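1. Sequence isn't available, so here's the structure alone:
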């Protein structure tokens, strides 16, 4: 029986989602069970239809249930028997897309920038001033720990636990000057001579290029509807997997709970590590952000990586790793004579931003703004491009994936749009083996554009598509 607390601060749909997820995960609702219909649940619980629909949609997005058109929702086989419950560890509360600069256009649907006016400049300046004053008033200025500021690591551990379910203590975290530096550490701890990478196909081209530059052998593993293909991964000789499970780049795929459990089982059985880049995972519109893969890991097989670039600013240059305890020992030995790559006052200012709640308030603010912009984009596409463009993924992150119906020459279309002052982006540069499958597929970012520019850009795009016969 489901009991919801109408007086709780937790929204009703989140309570329902959490209870049903736990029942599915523990087997109280067995695989294959048909879930009660929205109408039945609505009446039994005396809640709105929207409450039940949002809870079911979240379960569907995470892969706990599947939807059969005209029939209803059915519980998936999440293969959880392998995992043992472990005591939760509680602590105190990227690459940029490097490409040649293109001429500016009026309506640029780019996906790797943020709107400057959204940054909390005044609060950031205050925290920097306080951090500098603290250093100035100290008796000495010393080198920072090779893992970074303890205050910042403590603050981030609490933030990650609350928002991403990450279980870690400050000793496991390393503060890095960007994702490149983080990968430099990982490739040093896990050198190419003994390790082979599995990489998402399609997957972020800059990261793949970096891994190749380090002389690793790489196996491409296709991204399917539920995430990377576990069958192909198992057949490979890889013992490292780079993955973006909560919002796969560039396809936007969310790795289902069943696939996540299979990946963890693969890693433990093969003595392998999964590098989880949780970049751009904080924004999910109309549903709760999906918990990290690391939050499910009971055997120390997930290396967690994230950055503050999309929440705050790429110029902050703050990324962080959470290492399994076995790799912490390796890091301590290999990097014992190294110092932190970020200035200490900079790290302490960031710690203040997290500790005083500014980061979480800012995250809520930009999530709401991004959701509004996504809805404007979706509405503009529906209004101006109803027969020629289709959005193909759940709204998440700061870009969406679209298909231009009938497009057989992507480069020509991109060129024609740029002549008209509109820029959208090809997915093909991120393909290693599957370029032809994405000839009609494009990326459209929206977070760095104004609401008016999103609307006008879609109108311009519609004019070009009509001229091109779409």
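-> On my side now, so go ahead. Since the model is a prediction, treat every value here as computed from it, not as a measurement.
2. need the strands for the stretch 1-150 of the chain, in chain order.
-> 65-68, 72-75, 107-108 (DSSP state E, counting those that start in this stretch).
3. quick one: average pLDDT of the shortest one?
-> In other words, strand 107-108. The predicted model assigns strand 107-108 a mean pLDDT of 94.
4. any idea which of the strands of the stretch 1-150 of the chain is most buried?
-> Highest mean neighbour count of the strands of the stretch 1-150 of the chain: strand 107-108, a mean of 20 (counted as mean count of other C-beta atoms under 10 Å). Where you see a C-beta, it was placed from the backbone N, CA and C, and this is true even at glycine.
5. same for it, what does it pack against?
-> For strand 107-108, the contact count by 3 or more C-beta pairs under 8 Å, 6 or more residues apart in numbering; DSSP states H and E identifies strand 422-423, helix 451-467 as packing neighbours.
6. how far is the one helix or strand residue 349 maps to from where the chain is centred?
-> Element membership of residue 349, judged by DSSP states H and E, is helix 344-355. The offset between the C-alpha centroid of helix 344-355 and the centroid of the whole chain comes to 23 Å, using C-alpha atoms, centre = their mean, to the nearest Å.
7. got a list of what the closest residue to residue 408 other than its chain neighbours touches?
-> With C-beta to C-beta, 6 or more residues apart in numbering as the measure, residue 439 is the residue that lies nearest to residue 408, at 6.2 Å, once sequence neighbours are left out. Neighbouring residues of residue 439 by C-beta atoms under 8 Å, 6 or more residues apart in numbering: 407-410, 428.
8. Any of those residues buried? List them.
-> In these, burial by neighbour count holds for 407, 410, 428, counting by 16 or more other C-beta atoms under 10 Å.
9. of the residues you listed, closest to residue 359?
-> Within the buried ones among the contacts of residue 439, the smallest distance to residue 359 is 35.5 Å, found for residue 428 (C-beta to C-beta).
10. picking that back up, now distance to residue 469 too, for the strands of the stretch 1-150 of the chain, in TSV please.
-> Listed next are the strands of the stretch 1-150 of the chain as TSV, based on distance: least, C-beta to C-beta, whole Å:
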stretch	distance to residue 469
strand 65-68	35
strand 72-75	41
strand 107-108	21
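11. Of all those strands, which one is nearest residue 229?
-> Closest of these to residue 229 is strand 65-68, at 17.8 Å (criterion: C-beta to C-beta).
12. List the strands paired with that closest one, with their directions.
-> Strands adjacent to strand 65-68 in the sheet, as given by DSSP bridges, are strand 72-75 (antiparallel).
13. Figure out how far the strand it pairs with is from the centre of its chain.
-> Distance of strand 72-75 from its chain centroid, counting by C-alpha atoms, centre = their mean, is 26 Å.
14. pLDDT below threshold where in the stretch 101-250 of the chain?
-> Across the stretch 101-250 of the chain, residues meeting the criterion (pLDDT under 70) sit at 101-102, 114-117, 139-144.
15. Could you check how far residue 366 is from residue 256?
-> 27 Å (C-beta to C-beta, to the nearest Å).
16. Could you do residue 63 as well?
-> If you measure residue 63 against residue 256 using C-beta to C-beta, the figure is 2 Å.
17. before we move on, the earlier item: can you redo the helices and strands packed on strand 107-108 as a markdown table with distance to residue 36 and mean neighbour count?
-> Putting these into a markdown table (distance: least, C-beta to C-beta, whole Å; neighbours: other C-beta atoms under 10 Å) gives the following:
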| stretch | distance to residue 36 | mean neighbour count |
| --- | --- | --- |
| strand 422-423 | 46 | 22 |
| helix 451-467 | 39 | 18 |
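18. and the ones you listed as JSON lines, adding mean pLDDT?
-> Rendered in JSON lines, the data for the helices and strands packed on strand 107-108 read as follows (pLDDT from 0 to 100):
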{"stretch": "strand 422-423", "mean pLDDT": "96"}
{"stretch": "helix 451-467", "mean pLDDT": "95"}
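19. Select, out of those, the one closest to residue 339.
-> strand 422-423 (41.2 Å).
20. partners of that closest one, with directions?
-> Sheet pairing for strand 422-423, assigned by DSSP bridges, gives strand 107-108 (parallel).
21. For the partner strand, report the contacting residues that lie outside it.
-> Contacts of strand 107-108 (C-beta under 8 Å, 6+ apart): 421-423, 448-449, 453, 456-457, 460-461.
22. residues in contact with residue 353?
-> With contact taken as C-beta under 8 Å, 6+ apart, residue 353 is in contact with 120, 123-124, 127, 312, 359.
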